[in-house]
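Asker: After the sequence you'll find the predicted model.
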Amino acid sequence: MTDTSQPPPLLQMRAVSKQFPGVRALDDVAFDVQRGEVHVLLGENGAGKSTLMRVLSGACARDAGDILIDGQPVVLHSPRDAQALGISTIYQEFNLVPHLTAAANIFLGREPLYGAGIINRRKLLADAASLLGSLGTTIDPSARVKDLSVAEQQMVEVAKALSIDARILIMDEPTSALTESEIDQLFGAIKRLTGRGVAVIYISHRMEELARVGHRATVMRDGRSIATRPLPCPIPELVRLMANRDITQHFPARTRRRGAPLLHVDGISRPPRLREVTFTLHRGEILGVAGLLGAGRTELARAIAGADVPAHGRVVLDGQPLRLGAPSHAIRAGIGLVPEDRKRHGFVPGQSVAANLALPQLHRLARGGVIDRRRERALATKWIHELRIKTPDASARVLTLSGGNQQKVVLGKWLAAGADVLIVDEPTRGIDVAAKMEIYQLLDRLAADGAGILMISSDLPEILGMSDRVLVMHQGRLQAVLDAGEATQERVLQAALGLAG
Ligand SMILES: Nc1ncnc2c1ncn2[C@@H]1O[C@H](COP(=O)(O)OP(=O)(O)OP(=O)(O)O)[C@@H](O)[C@H]1O
Ligand SMILES: [Mg+2]
């Protein structure tokens with residue numbers, strides 16, 4: 001049925017399918033977007049969201065299906081084709097050149113020239129400044145990208161997309177590493193874009209932000225488009241569509257008992273990011289670590305896990321001083337770290353899911369220097385099941401998994417190793433709602449079994465819902481230690497801003 005009085009949607013994807021070895025990533029997907037609309041794409045880890053967007057951006061060839069823009073079928077064989085059609089993508093991982101300036105990144109390969117092939121630097125900077133300004137930011141276009149915060153890099157990506165006159169802007173989990181105020185800024189920029197008629201396709205696992213930014217949501221499950229709903233829509237309904245079952249969105253009841261002191265951190269310092277931090281983690285305890293971006297939380301984790309050498313201070317584990325700056329020593333002593341930057345430090349991308357899950361306990365799985373593959377496989381099968389890691393099988397290489405499933409592998413290897421002290425840095429970033437709840441259960445169980453957990457998170461509800469005590473950091477120092485009973489959103493934020501102790 002075609003209604004000739006209505007203009008066709010800006011974008012229409014029809015019956016799009018894509019098969020990877022062992023995985024039907026896209027199965028007869030239908031999806032459409034209107035001008036000036038923010039259309040949210042939802043789904044569990046591995047549902048096919050990123051793949052659908054890679055097809056739309058010409059980065060991945062579809063096996064079947066049509067893509068229409070303004071009602072006309074288009075050819076999309078390469079990212080260049082997509083760019084010519086005004087389709088621009090900001091990926092889960094940025095694509096900026098760190099040592100180049102913001103301006104150079106925005107106009108990379110399309111720099112304004114004087115004629116003789118010489119770059120007109122003044123115009124480059126002025127154009128970049130005006131683009132960045134139109135997004136409501138004050139980023140210096142001559143600053144190098146590596147010196148910008150994640151949020152600022154994000155804005156540079158958006159400006160870059162605008163510079164090619166994007167009509168459709170794809171954002172794949174743009175807020176996963178942003179703070180609240182940075183998210184506000186990004187949403188402000190999105191509003192300006194849609195006001196000009198640009199359509200935004202927005203992928204996120206942060207359910208609470210959907211209604212703030214989106215007009216409609218399409219839910220994907222197992223490679224299929226399940227339903228499209230106008231926003232706001234009750235979150236439990238969207239979650240049920242995603243997971244195909246009811247998910248209790250509750251934190252586990254805190255029935256754990258605080259046991260003996262386990263890890264004592266004594267005056268650890270690594271100026272300027274870490275200053276004189278002292279606290280004790282007990283067995284059976286989940287200690288939340290809150291703070292703003294750059295407050296020193298990741299530095300604290302890295303110092304304890306031996307990834308960095310502190311300038312001074314001591315770490316004592318079960319009465320034994322830890323050799324600082326020696327990661328392998330920390331691992332053998334029973335300290336596990338799930339790092340924030342999992343892509344770079346968390347896993348070996350070219351290796352199998354099984355090998356990655358077994359990594360911290362190779363010494364236990366090896367006999368006479370040879371890894372017992374049967375036991376490795378059994379271990380992998382268990383954790384693939386426990387964490388619902390979506391993979392064709394245990395031998396698939398981790399780099400072929402979806403973003404969220406790669407993270408589950410990193411978390412799984414430490415859960416499997418049964419570390420005594422588990423340090424998790426942003427454990428649920430990029431993880432879908434259902435899996436989040438499972439991770440909370442696992443952390444709770446681990447603590448109940450006697451481990452001590454240090455949980456760094458920018459997700460305040462998660463900090464408040466999970467922690468027995470909350471450490472709040474501000475500018476490298478421990479600003480406050482709050483018991484679960486006294487830790488409220490306001491008190492944690494106050495302390496994070498350095499306003500109260
Ligand atoms: N290059 C590839 N080779 C093999 N399988 C792939 C490849 N890319 C994606 N897949 C598979 O396709 C499925 C869909 O992945 P996709 O990345 O689209 O999920 P997603 O919805 O974006 O998940 P997430 O929320 O975790 O980012 C997954 O099962 C994934 O393992
Ligand atoms: Mg994805």
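Answerer: Received, thanks. Ligands and ions are numbered 1, 2, ... in the order given.

Asker: Tell me who's in contact with whichever residue of the chain sits closest to ligand 2.
Answerer: In the chain, the residue that lies nearest ligand 2 is residue 50 (3.2 Å; Cβ to the ion). Heads up, the C-betas are built off the backbone N, CA and C, glycines and all. If you count contacts by Cβ atoms under 8 Å, 6 or more residues apart in numbering, residue 50 has them with 92, 172, 203, 402-403.

Asker: Assign it to helix, strand or coil.
Answerer: Judged by DSSP: H, G, I helix; E, B strand; the rest coil, the three-state class of residue 50 is helix.

Asker: just residue 284 next, same as before
Answerer: Criterion first, three-state DSSP; result for residue 284: coil.

Asker: Could you do residue 66 as well?
Answerer: strand.

Asker: just checking, it touches residue 11?
Answerer: No - using Cβ atoms under 8 Å as the test, residue 66 is too far from residue 11 to be in contact (11.3 Å).

Asker: So which of the two has more stuff around it?
Answerer: residue 11 (24 against 12; other Cβ atoms under 10 Å).

Asker: List the contacts of the closest residue to that one other than its chain neighbours.
Answerer: Here the nearest residue to residue 11 in space, its sequence neighbours aside, is residue 33; by Cβ to Cβ, 6 or more residues apart in numbering that works out to 4.3 Å. Residue 33 makes contact with 9-11, 39, 168, 199, 201, according to Cβ under 8 Å, 6+ apart.

Asker: Now this protein against ligand 1: closest residue?
Answerer: residue 404 (2.8 Å; Cβ to the nearest ligand atom).

Asker: Surely that residue is in a helix?
Answerer: Yes - residue state for residue 404 (three-state DSSP) corresponds to a helix.

Asker: which residues does it contact?
Answerer: 44-46, 205, 430-432, 435.

Asker: element containing residue 471, please.
Answerer: strand 469-474 (DSSP states H and E).

Asker: one step back: can you narrow the contacts of residue 404 down to the ones near ligand 1?
Answerer: By Cβ under 6 Å from any ligand atom, the members of the contacts of residue 404 lying near ligand 1 are 45-46, 432.

Asker: from those, which single one is nearest residue 233?
Answerer: residue 432 (17.0 Å; Cβ to Cβ).

Asker: Residue 146: neighbour count?
Answerer: Neighbours around residue 146, by other Cβ under 10 Å: 11.

Asker: secondary structure class for it?
Answerer: helix.

Asker: Please name the spatially closest residue to it (chain neighbours excluded).
Answerer: residue 98 (3.8 Å).

Asker: so what's that neighbour up against?
Answerer: By Cβ under 8 Å, 6+ apart, the residues touching residue 98 are 144-146.

Asker: now residue 120
Answerer: 111-114.

Asker: Make a ChimeraX selection of the buried ones in these.
Answerer: Filtering the contacts of residue 120 down to the buried ones (16 or more other Cβ atoms under 10 Å) takes a single ChimeraX command:
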select :111
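
Asker: re the thing from before, which of the contacts of residue 33 fall within strands?
Answerer: Under the assignment DSSP state E, the contacts of residue 33 contribute 11, 39, 168, 199, 201 to strands.

Asker: Widest-spaced pair of those residues?
Answerer: Across the ones in strands among the contacts of residue 33, the longest distance by Cβ to Cβ is 9.7 Å; it joins 39 and 168.

Asker: Identify the contacts common to those two.
Answerer: Taking Cβ under 8 Å, 6+ apart as the contact rule, residue 39 and residue 168 both touch 33, 199-201.

Asker: Tell me which residues touch residue 28, please.
Answerer: Counting by Cβ under 8 Å, 6+ apart, residue 28 touches 15-17, 65, 224-225.

Asker: got these as a markdown table, with neighbour count columns?
Answerer: A markdown table is the format used below for those (neighbours: other Cβ atoms under 10 Å):
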| residue | neighbour count |
| --- | --- |
| 15 | 13 |
| 16 | 24 |
| 17 | 17 |
| 65 | 16 |
| 224 | 17 |
| 225 | 22 |
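
Asker: Can you say which two of the residues you listed are spatially most distant?
Answerer: 65 and 224 (12.5 Å).

Asker: intersection of neighbour lists for those two?
Answerer: Residues touching both residue 65 and residue 224 (Cβ under 8 Å, 6+ apart) are 28-29.

Asker: Model confidence score at the closest residue in space to residue 362 that isn't next to it in sequence, please.
Answerer: Once flanking residues are discounted, residue 362 sits nearest to residue 371: 6.5 Å by Cβ to Cβ, 6+ apart. Here, the pLDDT recorded for residue 371 equals 83.

Asker: now do the one 5 residues further on
Answerer: The confidence metric pLDDT takes the value 92 at residue 376.

Asker: what's the distance between it and residue 416?
Answerer: 11 Å (Cβ to Cβ, to the nearest Å).

Asker: where's stretch 321-330 relative to the chain centroid, distance-wise?
Answerer: Relative to its chain's centre, stretch 321-330 lies at 28 Å (Cα atoms, centre = their mean, to the nearest Å).

Asker: Kindly report the same for stretch 55-68.
Answerer: Its chain's average C-alpha position is 25 Å from that of stretch 55-68, according to Cα atoms, centre = their mean.

Asker: same check, this time on stretch 447-465
Answerer: Centroid separation between stretch 447-465 and its chain, computed with Cα atoms, centre = their mean, is 18 Å.

Asker: Going by neighbour count, list what's buried in it.
Answerer: Residues of stretch 447-465 classed as buried by neighbour count (16+ other Cβ under 10 Å): 447, 450-460, 462-464.

Asker: again, but for stretch 417-429
Answerer: Neighbour-count burial for stretch 417-429 [16+ other Cβ under 10 Å]: 417, 419-429.

Asker: ok, now stretch 360-367?
Answerer: Residues of stretch 360-367 classed as buried by neighbour count (16+ other Cβ under 10 Å): 360-361, 365.

Asker: mind listing which of the residues you listed are in helices?
Answerer: Those of these mapping onto helices are residue 365, per DSSP state H.

Asker: Could you dump the buried residues of stretch 360-367 into a markdown table with pLDDT and distance to ligand 1 added?
Answerer: Converted to a markdown table, those look like this (pLDDT from 0 to 100; distance: Cβ to the nearest ligand atom, whole Å):
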| residue | pLDDT | distance to ligand 1 |
| --- | --- | --- |
| 360 | 83 | 23 |
| 361 | 83 | 25 |
| 365 | 81 | 25 |
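
Asker: Show me what secondary structure element comes after the worst-scoring helix or strand of the chain on mean pLDDT.
Answerer: Sorting the helices and strands of the chain by mean pLDDT, DSSP states H and E puts helix 342-345 at the bottom, at a mean of 68. Using DSSP H and E, the helix or strand that follows helix 342-345 towards the C-terminus is helix 353-358.

Asker: Could you list the residues in contact with that next one?
Answerer: The contact list for helix 353-358, computed with Cβ under 8 Å, 6+ apart, reads 347-348, 365, 371, 376-377, 379-380, 383-384, 389, 391, 393-398, 401, 409-410, 412-413, 416.

Asker: and residue 367, bridged to which residues?
Answerer: residue 370 (DSSP bridges).

Asker: Against residue 373, how distant is it?
Answerer: Distance from residue 367 to residue 373, by Cβ to Cβ: 11 Å.

Asker: okay, how far is it across stretch 267-279, tip to tip?
Answerer: In terms of Cα to Cα, to the nearest Å, the two terminal residues of stretch 267-279 are separated by 9 Å.

Asker: tell me which residues in it are buried?
Answerer: 268-270, 273-275, 277, 279.

Asker: export these to TSV and tack on pLDDT, distance to residue 329 and secondary structure?
Answerer: Formatted as TSV, the buried residues of stretch 267-279 follow (pLDDT from 0 to 100; distance: Cβ to Cβ, whole Å; DSSP: H, G, I helix; E, B strand; the rest coil):
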residue	pLDDT	distance to residue 329	secondary structure
268	97	16	strand
269	97	20	strand
270	95	18	strand
273	90	22	coil
274	96	20	strand
275	96	24	strand
277	97	20	strand
279	98	21	strand
